[in-house]
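> Got a predicted structure here, sequence first:
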Amino acid sequence: MLGTFMKGAIVLGLALRAVAESTITTVYTDANTGIDFQRFYENTQISGGYSFGIALPEDPTTDFIGQLVVPLNSSTGWGGVSFGGAMLNTLLFVAWTDGDDIVTSFREATAYSTPAVYSGNVTASPITNGTFINSTHLSYTFVCSGCIVGPTTTFSASYSSYIFGYAVAGTNPTDPTDATSALSYHDQGYGEYTVELSNATSASYAAWASWATVSNTTTTGSGTNSTGSAGSSTSSNSTTVPATVTNSTYDVIVVGGGPSGIIAAERLAESGATVLLIERGSASTVQTGATDTLSWNDSLTKYDLPAAGSRLTKVSDVSEFCTDTASTAGCLLGGSSSVNALNFIHPQERDFDDGWPTGWKWNDVSDAADRLYERNPGTTLPSADGKHYDQAGFNVMSSFLTSNGWTQVDSIKEPNAKTKAFSQPAWSILNSKRAGPVRTYLPLVFDADNFTLKLNAKATQVIRTGGTITGVLVANDDRTSEIINIKTGGKVVLAAGALSTPRILWNSGIGMSDAIQTVQSGTSGVSLPNETDWISLPVGYNLKDHPQYVLTFNTKSNYTAYDWETIPDDPSTTDQNLYSTGSGILVQAAQRVHLWTSTNDTTDGATRFFQGTVSALSDGVITVKAFLTHGATSSGVLGITSTGSTEVVNSPWLNTDADRAAMTNFLQWLLDTSNSANSTMTYTGGNVNATPLLDTRITGDHWVGSAKMGEDDGREANGTSVVDLNTKVYGTDNLFVVDASIHPDLPTGNTQAIIMIVAEAAAAKIAAYTVTNTTTATTVVSSSPPYSNSTTSIISKVAAPTSAVSGTVSASASTTLFTVTKASATATAATAVSTSTASSSSSSSSSSGSDTSSTELIDLLIELLTKLLANKST
């Protein structure tokens, strides 16, 4: 191993995208009560200051005294503490104000959605002298009875130290009068810290605890279900309002306006199909209809600015995140490609060759990758002046890695260099803005006659008769619902993401019976098909994600970090001026190094890869996010709650011995090497063993596999796959999936680039697929899709050097599109033939293989017209 290594109101996640800091509690004596606490205090991230203190008896059993102090935002906001560090499956305690009262609640989250009320027997009894509300803060001092539950819900009474977590929101829960109310997002800050429990004990504990009184404002673990809407702009999936049937029908309906959905919709529209793209969220760019622009640039939204990518969870409006998924997911146009941290790692060839089925190896998908990179290449040098900015973090880490035998590469030019290699970060940035399909694909069909975009509409299920899909049920933001149908021979394509596509399948009676029965008996309002029509497939199984570890290191060279708190609202004038030229720190994201290595020194002999993303967000401190990536053998299960949210049922992280050993060894190498005498940085936690760090794992938010693609039909004995090699759901005639849920394996890097490649390849297969009504079909075998040459000069068509990309490139202006004119209801067949002929002529020069199919269509139309006229004359 050493020989090899010498080489991510709405989703809640206490540790997601958090910067782990070297924070340890210290002794604090409260002036109001005289109680001696071990206290954590945070005022660098959280304006106004947050604190939590704990006091224990000399021989702890089940109780302790806590003091939670939360800053208020004009008398609103809430704060919380996790007694187990992470958010998931730990005991949480939160408090907020309701007028002159303090409302408290114990919670437990099984998914990264608003946590339910804790069902255990715990009580918080306030100590009056330490409980108050003033103009800036609330303070709640209490005896927490029954709160020491033990691992992993809380710490154990025997522990000398433990990791706690914190979270603060500037807005109230949905209903501040209700202790079970859904929580708003913790937009003011969140993170973890170490509590020195052994230093929190006192002989005076019993006297202090005797001051507590029972309070009516304190909730106990009653088991009440508090999950619900958290003020999201997205729709409920309730179908209690009778649905209307729309008059419009389409050749293809694509569900989900994230990266895979936009790519599939655009490519299918290019092929000549009439396409409806449904997105549950709102517009994300000015060109697509967004109006919430930056104060200093009215052509940009916060999603456009690369430097804001890592701070979108910190801004006041976080309605772009889904509230009903098992972890963080984007619910806006562009999906997660509009809200992620912009990492764009070109997959290495073995990312496909190792775990993907026949027809999906690198040689099979490389053309699709070329088509993607022609439009959305990514960059390691986004600044137009050819400079890298804010390089202190890069200098420290590159020196550290080089001295240990690592090699600098350009990861875009050398995607297969993934062992003892590091690179300037590769980002999805183009012309000084966040790239992604919203800017590099959508403008090409935005005004096309055969393309329709429907925003603020949540597809809840597909409508089907047996295996034939006829339409989609949609819940709109105005609480109306409608059924939108496809034409005979049409197709429905699911692209809602690995955490949401399974829900649509379950709601449609597709999946294992336990999940479908949860929907059947739940409160989401979904009306399922008859049980005899349920299709048994392992939806939700094979769930995979990169486990992530956040480590911080002190550097031996002092430097001042960039003031990220000014992003995106108030960057300096100098930075604004540089940005206007397409240059400067604002055109970069926050990462400063990407690094990779691998090992096969594990118990099973398999090669496993690791990725690190490095940033320098605090003065003199380097943050490394370390991931176990390709080659990991762990998997879990995604499920659904009675309210319709998805949840992680079985953890997908480090549940094999070989994965745990590999991750432990990599972390140990990183810790030991950084603590060597000649290292440019040292771990903030000192000389430690990596094994205990395994329990500090957080999600990488790189979810795949929940509707796995494969040749082994999941309806059969021992079958593991949900979709076939054409991405069609087994047991259906015309239902396809193109998002990360079909990926059978994890890539070496972040998932954005590989998601887009797979969507490109899937769109070609779907475009070539002919639907029949017998759950079988014929596929037109072709070396290239109908639009194979349409990548030419796409970037030049979409890009503008320093201004916003236009979102309204018309179909007629782009030579890369099939122009399909919508005939009026009174149009004659002859007019339709004429229009089709013109379309064929205008598109033939740019799309190989299109002439023959268009000519055949015209011949068929002429033949049909002749027969109709002959029949009419007789």
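Good, I have the coordinates. Here the structure is a predicted model, which is why all the values come from computation and not from measurement. Residues are numbered from 1 along each chain as shown.
> Mind pulling the model confidence for the most centrally placed residue in the chain?
Residue closest to the mean C-alpha point of the chain, counted by C-alpha atoms, centre = their mean, is residue 329 at 3.5 Å. You'll see residue 329 listed with a pLDDT of 90.
> Next: residue 105.
Predicted confidence (pLDDT) for residue 105: 96.
> what do you get for the one 3 residues further on?
On the pLDDT scale, residue 108 is placed at 91.
> residues in contact with the nearest residue to it once chain neighbours are set aside?
Once flanking residues are discounted, residue 108 sits nearest to residue 118: 4.5 Å by C-beta to C-beta, 6 or more residues apart in numbering. C-betas here are computed from N, CA, C, even on glycine. For residue 118, the set of contacting residues under the criterion of C-beta atoms under 8 Å, 6 or more residues apart in numbering consists of 91, 92, 106, 107, 108, 221.
> Please report how far residue 746 lies from residue 356.
Per C-beta to C-beta, to the nearest Å, residue 746 is found 11 Å from residue 356.
> so what does the strand or helix carrying residue 300 touch, helix or strand wise?
In this structure, residue 300 is located in strand 297-301 according to DSSP states H and E. Strand 297-301 is packed against strand 293-294, with contacts defined by 3 or more C-beta pairs under 8 Å, 6 or more residues apart in numbering; DSSP states H and E.
> Output the contacting helices and strands for the helix or strand containing residue 637.
Per DSSP H and E, residue 637 falls inside strand 637-640. Where contact means 3+ C-beta pairs under 8 Å, 6+ apart, strand 637-640 is packed against helix 501-507, helix 513-521, strand 646-650.
> nearest to residue 741, of these?
With C-beta to C-beta as the measure, helix 501-507 is the member of the helices and strands packed on strand 637-640 nearest residue 741 (4.6 Å).
> can you map out the strands along the stretch 1-150 of the chain?
Counting by DSSP state E, counting those that start in this stretch, residue ranges of the strands within the stretch 1-150 of the chain are 26-29, 36-42, 50-57, 64-71, 78-82, 92-98, 101-108, 116-117, 123-126, 132-133, 137-145.
> coming back round to it: same list, the helices and strands packed on strand 637-640, but as CSV with mean pLDDT, mean neighbour count and distance to residue 170 please.
Compiled in CSV, the helices and strands packed on strand 637-640 are given as follows (pLDDT from 0 to 100; neighbours: other C-beta atoms under 10 Å; distance: least, C-beta to C-beta, whole Å):
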stretch, mean pLDDT, mean neighbour count, distance to residue 170
helix 501-507, 98, 28, 30
helix 513-521, 96, 17, 35
strand 646-650, 93, 21, 27
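> I'd like the ones you listed written out as JSON lines, with distance to residue 401 added.
Converted to JSON lines, the helices and strands packed on strand 637-640 look like this (distance: least, C-beta to C-beta, whole Å):
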{"stretch": "helix 501-507", "distance to residue 401": "38"}
{"stretch": "helix 513-521", "distance to residue 401": "45"}
{"stretch": "strand 646-650", "distance to residue 401": "34"}
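> need the contact list for the closest residue to residue 325 other than its chain neighbours.
With C-beta to C-beta, 6+ apart as the measure, residue 499 is the residue that lies nearest to residue 325, at 4.1 Å, once sequence neighbours are left out. Residues near residue 499 by C-beta under 8 Å, 6+ apart: 322, 325, 326, 327, 329, 638, 646, 703, 706.
> what about 10 Å?
With C-beta atoms under 10 Å, 6 or more residues apart in numbering as the criterion, the residues that contact residue 499 are 111-112, 322, 324-329, 336, 540, 543, 638, 645-648, 701, 703, 706, 739-741.
> Residue 80 too?
When contacts are counted by C-beta under 10 Å, 6+ apart, residue 80 touches 12, 14, 50, 52, 68, 70, 87, 92-96, 104-105, 107, 115, 165-169, 183, 186, 190.
> Just give me how far the strand holding residue 637 sits from the chain centre.
On the basis of C-alpha atoms, centre = their mean, to the nearest Å, strand 637-640 sits 16 Å off its chain's mean C-alpha point.
> picking that back up, what's the distance between the residue nearest to residue 108 and residue 110?
With distances taken as C-beta to C-beta, residue 118 is found 11 Å from residue 110.
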